[in-house]
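Trainee: any chance you could fold what I've pasted below:
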Amino acid sequence: MTHRSAWLNGPLERAQWPPLLTAILGLLLAFVLFQLVISPLVLVLGVLSLGYELSVLMDLPQLMRGQPGLLMLANTAGQVLGLALPAWLLTLLHTREAQRFLRLRPIQAGDLGWALLGLAFLMPVVQWLGRVNEALPLPESWRALDAMQMELIEAALQGGLPVVVNLLVLAVVPSFCEEVLFRGYVQRQAERGLGALGGVLFSGIVFGLYHLRLTQVLPLCVLGVYLAYLVWRTGSLWSAVAVHLANNAFSVLLAAYAEYHPKLSWQDLEHLTVPWYLVGLGLIGFSWVCYRLERRARFMT
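Mentor: Residues are numbered from 1 along each chain as shown. Below you'll find the predicted structure:
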């Protein structure tokens, strides 16, 4: 037995379950728990406890505007109990060294700085890809699903909750819970089954698809691949957590800014057209950041 495999001694390892299979099963389990069990259950219990009829669930955006805290609670419960907790428990079936498996190692300050700078350069590219994605010929059912999700997000941001609460629920919680699942458990197993490059691409692409926003799947996949690359190259999950947090927090703060300026709307900011030269500069800057990260690479298994 090699030194690397010596610490992978849990029941799934002894039974020799294929790593890629466990990654896929983990994704399916998390999807069912989050989307179909925990969040809906918390939502139903909350609606009943407030004295509403269950029929109010047929208009979630209106419910969100009236009871923003309820949907925020349901989403948070789903993230913690449906994404992060299953990923942690699955990890324990592979090894007792869960932190090592999930790469919950301290991150070097320099790596963190370059990772955040890379996000800054990537943002105009991601915005441009969003416009390209929207222009693709997509079924109307997909566009309707995306419109409903956007309406829910808008209702959440305009629900009257303090900005700090929105930051906690829409930025802090997802940045940790989603990263533990996608870049922690899933990426580790995908790398073992597909190699480093395959693991990075697999983790990034399923992250983009997992959000069920097919009109924005291209930018979400690109962001997911970048997050996966950061974890692989820095050897620390905290690099992806920090970048994910910064990305979501920027969106929340931008929406809060638009809320207090009547000439702006969140939809306008979401569909902002980025000049071609900013996209070009973003690509150049992002390539430079990746080059610097490669030079700093401290990849650890």
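Trainee: tell me where the stretch 151-300 of the chain has helices.
Mentor: Ranges of helices in the stretch 151-300 of the chain, per DSSP state H, counting those that start in this stretch, are 163-167, 173-179, 187-210, 217-234, 237-259, 266-270, 276-295.
Trainee: sec struct for the residue nearest to Q99 when sequence neighbours are not counted, please.
Mentor: The shortest distance from Q99 to any residue that is not its chain neighbour, by C-beta to C-beta, 6 or more residues apart in numbering, is 7.5 Å, and that residue is R105. Just so you know, the C-beta spots here come from the backbone N, C-alpha and C atoms, and that holds for glycine as well. The three-state label given to R105 by DSSP: H, G, I helix; E, B strand; the rest coil is coil.
Trainee: neighbours of R105, just the number please.
Mentor: As a burial measure, R105 scores 16 neighbours (other C-beta atoms under 10 Å).
Trainee: quick one: contacts for it?
Mentor: Shown here is R105, whose contacts under the criterion C-beta atoms under 8 Å, 6 or more residues apart in numbering are Q99, G235, S236, L237, W238, M300.
Trainee: next up, phi/psi of it, please.
Mentor: Taking degrees, to the nearest 10, you get phi -100, psi 150 for the backbone angles of R105.
Trainee: from Q79, how far out is the residue nearest in space to the middle of the chain?
Mentor: Nearest residue to the geometric centre of the chain (C-alpha atoms, centre = their mean): E178, 5.0 Å. As for E178, its distance to Q79 is 7 Å (criterion: C-beta to C-beta, to the nearest Å).
Trainee: mind listing what the closest residue to L170 other than its chain neighbours touches?
Mentor: On the basis of C-beta to C-beta, 6+ apart, the spatially nearest residue to L170 that is not a chain neighbour turns out to be V252, at 5.4 Å. Taking C-beta under 8 Å, 6+ apart as the criterion, V252 is in contact with L157, V163, N166, L167, L170, A171.
Trainee: just give the number of residues close to the second one.
Mentor: Applying the criterion other C-beta under 10 Å, we find 15 residues in the vicinity of V163.
Trainee: do I have it right that it meets Y257?
Mentor: No. In terms of C-beta atoms under 8 Å, V163 does not count as a neighbour of Y257; the distance is 9.8 Å.
Trainee: against P61, how distant is the nearest residue to L283 once chain neighbours are set aside?
Mentor: In this structure, L283 finds its nearest non-sequential neighbour in V125, 6.0 Å apart by C-beta to C-beta, 6+ apart. Going from V125 to P61 by C-beta to C-beta gives 30 Å.
Trainee: same check on L201?
Mentor: In terms of C-beta to C-beta, L201 sits 35 Å off from P61.
Trainee: next up, the contacts around the closest residue in space to G160 that isn't next to it in sequence.
Mentor: Closest residue to G160 apart from its sequence neighbours, by C-beta to C-beta, 6+ apart: P68 at 6.4 Å. Contacts of P68 were listed using C-beta under 8 Å, 6+ apart, and they are A155, A156, G159, G160, L161.
Trainee: hmm, back to that, list the contacts of the residue nearest to the centre of the chain.
Mentor: Contacts here follow C-beta under 8 Å, 6+ apart; on that basis E178 touches Q79, L83, F207, H244.
Trainee: same question, Y277
Mentor: Applying C-beta under 8 Å, 6+ apart to Y277 gives no contacts.
Trainee: so what's L197 scoring on pLDDT?
Mentor: pLDDT, L197: 96.
Trainee: count of neighbours near it?
Mentor: Burial of L197 is recorded as 11 neighbouring residues (other C-beta under 10 Å).
Trainee: can you give me the distance of it to E179?
Mentor: Here the distance between L197 and E179 works out to 20 Å (C-beta to C-beta).
Trainee: rewinding a little: so for V125 and P61, which sits in the more crowded spot?
Mentor: Applying other C-beta under 10 Å to V125 and P61 shows that V125 carries more neighbours, namely 22 against 16.
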